[in-house]
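In: this is a predicted model, with the sequence first.
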Amino acid sequence: MPALKVHNIVFRHDDLFELQLERGDIPFEPGACMALFNDDGDSRPYSISAGTKENILRFLIRRVPNGRVSDWLARRNPGDKVQASDPFGWFRPGRSTPTVERCVFIATGTGTGIAPFLSHLRSNPAQPPEACLYGVRQLADAFALDELDFLEGFRLAVSRDSGPDHFHGRVTGLCEQIPLGEGIHYYLCGLDTMIEETSRWLEASGIDYTHIHREIFFYEDGQD
Amino acid sequence: MKMDKTDAWLTTSQNEPRGYIQPQTLEELWFHTGTNCNLRCPFCFEGSKPGDNRIEFLTLENARRFIDEALDLGVKKFSFTGGEPFVNPEFVAILEAALEHRPCLVLTNATEPLMNQMADVLRLRDKPNLLKFRVSLDHPDPAKHDESRGKGNFKKALDTLGRLHRAGFGVSIARLMLSGEDSAAVDRSYAPFFRIAGVPEDITIIKFPEFHLPGSFPDVPEITETCMTRYLNAEQRAAFMCNFSKMIVRKNGQCGVYACTLVDDVKGYDLGATLKAAMEKRVMLGHHRCYSCFACGASCSEGT
């Protein structure tokens, strides 16, 4: 199990940060996650948000109050070591199955659940999603807007802040704007309630179950 | 007790000959797909969790070698456990290869890793042999199940169970067995959920006793040779998994043949690199989980 050196930690605010680890020669695919360990051996899986050609591994992390791992990671400094598993995962945006080639897809993420989509975009900039819906609680929680704003079909939903450039409400309030089509695959990542509500809406709208791909990051009650 | 091949391997702490099973025929071959799992259940006897690699991912190449050897030995079915098998990136390909030859059983938590690969799984209906899934539904109370497995996972697993059944796959469930429980009553309390999922109310329910974490040494009675003949008849002895099955486990880049699905945390139960050699070896019943098989008739096997 590799021990990776902390390259940097960039805080968006006290409870949200990007952890950057030196990558070495670790291969990964967009959508993969790695389990990161604290020094007591507790681990949590985090999706990689870096592109496959970058020299560092990036992770978007929400510091959970009293979270065993996220809080410990937030207190690391450049040069510290973090134990990590090899990359793994079953969520591959833009691929209809792990073994099938690229597909037309729609990305929907909440909070740090944007990470696998950023990894895909940074790895395959010529293969963007048809639409990308991104939900956050406050504007300060939104990562990489400078990259996402360029996407056609990008919509930002902010549940607690209103403003002229985004939808005020939960991202599920944008469901009606999701393009529907038999050949489209739908990738959902983030909060459990968003994934459940959106999955149900998609199935009710006639989308085949096998075209809906889910990755739950966190739960509404704040479970780490 | 340290279970390596010293005297303690052959005799109990009271210096009596330890009970054993002399394997007969290889009817079922289990594959451990790796201890990497999307869930981290506190009771998991494999210690599986995200990123765990105590037992590494089995590869298609690893599996093919043992599928071929098992066929030569007359194996009747292949079974797969983890971790969560669908976390293994080569699992669907492994399953595909196995289904060309024999019926298969997959133990799964039936959450995102399987849900996200359902399109690949549905294709396996075209294979020449039956595929059966055993879904973990620990308690008939969803809240208790979710306490360990994570919020919403009972509902997801139940939903996936129903989808698998409607797609034509065989299904069963595994649950935890609590000491002193009224087993028939607990089994019956799953019925309303089976109705919701649209699965028959009489599907097989496999019950597992407390197996403790890997590497633990709970205080359980030791099994002597005398116990094996005084308390069990020939049919009961033959029902021990180590009599008719083995499990392939990959550690440190090498595959080993283990005596059964429950003892992969003790090196002494690595019976070698080939099934033929492993089947010739006597299995000493010295692991604390052997006592579960002795006392409860615990078995990971089921008909396909």
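Out: Received the coordinates, thanks. Numbers count the residues shown, from 1 in each chain, chains lettered A, B, ... in the order given.
In: contacts for stretch B:42-54 next, please.
Out: A:1, A:33-35, A:37, A:43-45, A:84-86, A:88, B:34-41, B:55, B:82-84, B:148, B:176, B:210-215, B:251, B:262, B:264, B:289 (CB atoms under 8 Å, 6 or more residues apart in numbering or on different chains). To be clear about C-beta, it is placed using only N, CA and C from the backbone, and glycine gets the same treatment.
In: how about it: buried residues?
Out: Residues of stretch B:42-54 classed as buried: B:Cys44, B:Phe45, B:Glu46, B:Gly47, B:Ser48, B:Lys49, B:Pro50, B:Gly51, B:Asp52, B:Asn53, B:Arg54 (neighbour count, 16 or more other CB atoms under 10 Å in any protein chain shown).
In: show me which of the contacts of stretch B:42-54 are buried.
Out: Counted by 16+ other CB under 10 Å, these give A:33-35, A:37, A:43-45, A:84-86, A:88, B:34-41, B:55, B:82-84, B:148, B:176, B:211-212, B:214, B:251, B:262, B:264, B:289 as buried.
In: can you flag which of the residues you listed belong to strands?
Out: Residues of the buried ones among the contacts of stretch B:42-54 located in strands (DSSP state E): A:Cys33, A:Met34, A:Ala35, A:Phe37, A:Ser43, A:Arg44, A:Pro45, B:Leu176, B:Lys251.
In: farthest pair within these?
Out: Distance extremes for these: the farthest pair is A:Met34 and B:Leu176 at 30.3 Å, using CB to CB.
In: alpha carbons only: can I get stretch B:274-287 in PDB?
Out: In PDB, the C-alpha atoms belonging to stretch B:274-287 read as follows (Å, rounded to 0.1, in the frame of the first residue of the first chain):
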ATOM      1  CA  THR B 274      -2.900 -26.800  -6.800                       C
ATOM      2  CA  LEU B 275      -6.400 -28.200  -6.100                       C
ATOM      3  CA  LYS B 276      -5.100 -31.800  -6.500                       C
ATOM      4  CA  ALA B 277      -2.500 -31.300  -3.800                       C
ATOM      5  CA  ALA B 278      -5.000 -29.500  -1.500                       C
ATOM      6  CA  MET B 279      -7.600 -32.300  -1.800                       C
ATOM      7  CA  GLU B 280      -5.100 -34.800  -0.500                       C
ATOM      8  CA  LYS B 281      -4.500 -32.900   2.700                       C
ATOM      9  CA  ARG B 282      -6.300 -33.500   5.900                       C
ATOM     10  CA  VAL B 283      -8.000 -30.400   7.300                       C
ATOM     11  CA  MET B 284      -7.500 -30.100  11.000                       C
ATOM     12  CA  LEU B 285     -10.500 -28.500  12.700                       C
ATOM     13  CA  GLY B 286      -8.600 -26.000  14.800                       C
ATOM     14  CA  HIS B 287      -9.900 -22.700  13.600                       C
END
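In: hang on, the earlier thing: which one of the buried residues of stretch B:42-54 sits closest to B:Phe91?
Out: So of those, ranked by how close each gets to B:Phe91 (CB to CB), first place is B:Ser48, at 14.2 Å.
In: quick check: phi and psi at that closest one.
Out: phi -70, psi 150 (degrees, to the nearest 10).
In: and the helices in the stretch 201-304 of chain B?
Out: B:225-230, B:234-238, B:241-244, B:275-279, B:288-296 (DSSP state H, counting those that start in this stretch).
In: for B:His287, list the residues it contacts.
Out: B:Met3, B:Leu262, B:Val263, B:Val266, B:Tyr269.
In: how about those in a markdown table, adding distance to chain A and pLDDT?
Out: Output for those, formatted as a markdown table (distance: CB to the nearest CB, whole Å; pLDDT from 0 to 100):
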| residue | distance to chain A | pLDDT |
| --- | --- | --- |
| B:Met3 | 24 | 49 |
| B:Leu262 | 24 | 80 |
| B:Val263 | 23 | 81 |
| B:Val266 | 21 | 83 |
| B:Tyr269 | 24 | 89 |
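In: quick one: which of those residues is nearest to A:Leu148?
Out: For the contacts of B:His287, the nearest to A:Leu148 is B:Leu262 (48.7 Å; CB to CB).
In: ok, the closest one - contacts?
Out: So B:Leu262 contacts B:Phe45, B:Phe211, B:Met241, B:His287, B:Arg289, B:Cys290, B:Ser292, B:Cys293, B:Ala298, B:Cys300 (CB under 8 Å, 6+ apart).
In: quick check: the third one touching B:Cys260?
Out: Right, B:Met241. Yes. Between B:Met241 and B:Cys260 there is a contact at 4.4 Å, judged by CB atoms under 8 Å.
In: overlap in contacts of these two?
Out: Common neighbours of B:Met241 and B:Cys260 are listed as B:Cys300 (criterion: CB under 8 Å, 6+ apart).
In: show me how chain A divides into domains.
Out: A:3-83, A:105-218 (automatic domain parsing).
In: mind checking which of these is nearest B:Asp141?
Out: Using CB to CB, the domains of chain A put domain A:105-218 closest to B:Asp141, at 19.5 Å.
In: below-threshold pLDDT in the chain: ranges please.
Out: Went with chain A since none was named. A:96-101, A:218-224 (pLDDT under 70).
In: meant chain B actually
Out: Using pLDDT under 70, chain B drops low at B:1-7, B:298-299, B:303-304.
In: mind redoing it with 80?
Out: In the predicted model of chain B, residues B:1-8, B:209-219, B:296-304 satisfy pLDDT under 80.
In: now do the SS call for residue 194.
Out: You didn't pick a chain, so chain A it is. helix (DSSP: H, G, I helix; E, B strand; the rest coil).
In: nope, chain B
Out: B:Phe194 ends up helix, using three-state DSSP.
In: contacts only, for it.
Out: B:Pro200, B:Glu201, B:Ile203.
In: so how do I select the buried members of those in ChimeraX?
Out: Selection of buried members from the contacts of B:Phe194 for ChimeraX, criterion 16+ other CB under 10 Å:
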select /B:203
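In: distance to chain A added to the contacts of B:Phe194, as a markdown table?
Out: A markdown table is the format used below for the contacts of B:Phe194 (distance: CB to the nearest CB, whole Å):
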| residue | distance to chain A |
| --- | --- |
| B:Pro200 | 21 |
| B:Glu201 | 24 |
| B:Ile203 | 21 |
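In: between the contacts of B:Phe194, which sits nearest B:Ile21?
Out: Among the contacts of B:Phe194, and counting by CB to CB, the member closest to B:Ile21 is B:Ile203, at 29.4 Å.
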